[in-house]
Every structure is written in C-alpha cells, then in structure tokens.
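[1] sequence unknown, structure follows:
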C-alpha cells in the first residue's frame, strides 16, 4: 500500500511552494529537523523537492537550517540548492519540528497534518479504542502518507475530492493508502475520519489487537511490503496521541 509520488497538488495550501534540486548523492529526509530523527525516505541527486517551510536543527557543515518538504519530512538545507545560505521561505510552526506551535498544531505536524490527525484521534475516541487504537492509526498514517490525503490519477473519482497531493501506487488513495479495489467507497477513502474508521474496522478484526505490538498490528491490517516501517514511527505517534488526549 506504499505510494510513489509523481505529482504534488497543494491547491488547498498557500503560499505557492517552490521546488529546489538535491545536491547530495543520496540525501535522507527525516521525521524532524535533525540527524537524531528517523529516516522517512531518501532523495537522489538532482531530484526536485518542494519546500513548505524551514526550521533550525542539527548543524551540517556550518548550515543548521532544515527544509520541510512537501512529503512531510525534513532534509538538511546543506544538500538543497536554494541559492541562499539563509531562510528562503517561512519558518515552520514553533521554528522546529518538535512541538505543536502556537497555532495548536500537534507535535511535529503542519496545520494540514494536524487537522487530519485530530480526525483520526477523534474517531479512535468515538469508537473507544484507547491509546492502542490511536497509536496504530497514527503510526500507519505517518508511514502511508505522512498524514496527507492523497488522490490517485488512476482513480479519477478521487481527484474530485479535497486532497493534499496526488500519488500513483496501484489504486491506493487517502491517508491510509486504501486500495479502491478493496475499499470502493471513494468518498470515505478520501475523508480522514471515515478512512480511519475503515482502518479501525480491519484492526478490530485482528485477534489480540488490544495487546499486540503496535508495529505488528499496523502490518496485520495493511499487509505492507515493508513491515518494519510502522514500528519506526510509533515514538512519533505516542507524542501525537498524547497531545490529542490519548
């Protein structure tokens, strides 16, 4: 259910996001502005990355600026050719990726991600799934989409619903990258709370879900080709769920 992004459509966000080329051979994009954060993905040399905001973080060869990309992760500005050694766009909420910021965002998340995460947490509360349900839902959302709603060009109807980006992994759509083949209600797939409800339905069908290791539980529901990635995002999910009241 993982996706490969081929185009980003941020019509709902402003201002316009500028793209800059990666200068390093293989540059890691991390869950926060520093080398201590987990690696979310990597960019090859020459790849263009869209920067949504910048934050102060680990110093890399004299450059302490980190760029938050449209993929929702942070890359060291040292490896991005912005044409400047200083900030070229707005600072991320709270001036770093570690806190919620004054705008009420959840830890490490943008306002858009926070809105979606709160919907997932709200559904977990509504279904009385407790902290375990919240952790599974948020960890999965972080891995599958960085908590962004993805439409898919191969699922044309998904483009008719509000979305944050466009991907092309099979027929996977939404925050949880739920395949339209198995989840034909596209309106639900493209809605944060309703797609969470679909995820939770599958989760509750897993024997022993209430006490299962979160990463393994996520994998049981998603059936990913990369089963270990969910466990890598649990620590982030803990902070987000705690801030959301679970």
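    Happy to help now that I have it. The structure displayed is predicted, hence computed values, not measured ones.

[2] from residue 120, how far off is residue 39?
    Distance of residue 39 to residue 120, computed by C-beta to C-beta, to the nearest Å: 23 Å. Quick note: C-beta positions are derived from backbone N, CA and C, even for glycine.

[3] which elements pack onto the lengthiest strand in the chain?
    Counting residues, the longest strand in the chain under DSSP state E turns out to be strand 48-60. Helices and strands touching strand 48-60, by 3 or more C-beta pairs under 8 Å, 6 or more residues apart in numbering; DSSP states H and E, are strand 18-21, strand 63-69, strand 74-76.

[4] tell me the most buried of the ones you listed?
    Highest mean neighbour count of the helices and strands packed on strand 48-60: strand 74-76, a mean of 26 (counted as mean count of other C-beta atoms under 10 Å).

[5] beta partners of the spatially closest residue to residue 70 that is not a sequence neighbour?
    Once flanking residues are discounted, residue 70 sits nearest to residue 50: 3.9 Å by C-beta to C-beta, 6 or more residues apart in numbering. Beta-bridge partners recorded for residue 50 (DSSP bridges): residue 19.

[6] go on, the one 4 residues further on?
    Taking DSSP bridges, one finds residue 67, residue 91 as the beta-bridge partners of residue 54.

[7] residue 65 is in contact with that one, correct?
    Yes - using C-beta atoms under 8 Å, residue 54 is in contact with residue 65, at 5.4 Å.

[8] so what sits against both of those two?
    Taking C-beta atoms under 8 Å, 6 or more residues apart in numbering as the contact rule, residue 54 and residue 65 both touch 77, 87.

[9] which one of residue 39 and residue 120 has more residues nearby?
    residue 120 (28 against 12; other C-beta atoms under 10 Å).

[10] touching, that one and residue 175? I think so.
    Yes - with contact defined as C-beta under 8 Å, residue 120 reaches residue 175; the gap is 7.5 Å.

[11] joint contacts of these two?
    Common neighbours of residue 120 and residue 175, using C-beta under 8 Å, 6+ apart, are 141, 147, 192, 196.

[12] now do the contacts for the first one.
    For residue 141, the contacting residues are 116-117, 120, 147, 175-176, 196, by C-beta under 8 Å, 6+ apart.

[13] please redo it, this time with the cut-off set to 10 Å
    113, 116-117, 120, 147-148, 174-177, 192, 195-196, 199, 218, 233, 237, 240 (C-beta atoms under 10 Å, 6 or more residues apart in numbering).

[14] give me phi/psi at residue 167?
    Per-residue torsions, residue 167: phi -120, psi -180 (degrees, to the nearest 10).

[15] what about it, distance to residue 149?
    Taking C-beta to C-beta, one finds residue 167 at 10 Å from residue 149.

[16] and the shared contacts of residue 120 and residue 175, which two are furthest apart?
    Pairwise distances across the shared contacts of residue 120 and residue 175 (C-beta to C-beta) peak at 10.8 Å, for the pair 147 and 196.

[17] overlap in contacts of these two?
    Counting by C-beta under 10 Å, 6+ apart, the residues touching both residue 147 and residue 196 are 116-117, 119-120, 138, 140-141, 175-176.

[18] hmm, back to that, now the longest strand of the chain, how far from the centre of its chain.
    For strand 48-60, the distance from its own C-alpha centre to the chain's C-alpha centre is 16 Å (C-alpha atoms, centre = their mean, to the nearest Å).

[19] what of stretch 219-231?
    Here stretch 219-231 shows a centroid-to-chain-centroid distance of 15 Å under the convention C-alpha atoms, centre = their mean.

[20] buried set for it?
    219-222, 224, 229-231 (16 or more other C-beta atoms under 10 Å).

[21] tell me, how many residues neighbour residue 195?
    Neighbour count of residue 195, defined by other C-beta under 10 Å: 29.

[22] now residue 158
    Residue 158: 24 surrounding residues under other C-beta under 10 Å.

[23] tell me if it really is in a helix.
    Yes - using DSSP: H, G, I helix; E, B strand; the rest coil, the assignment for residue 158 is a helix.
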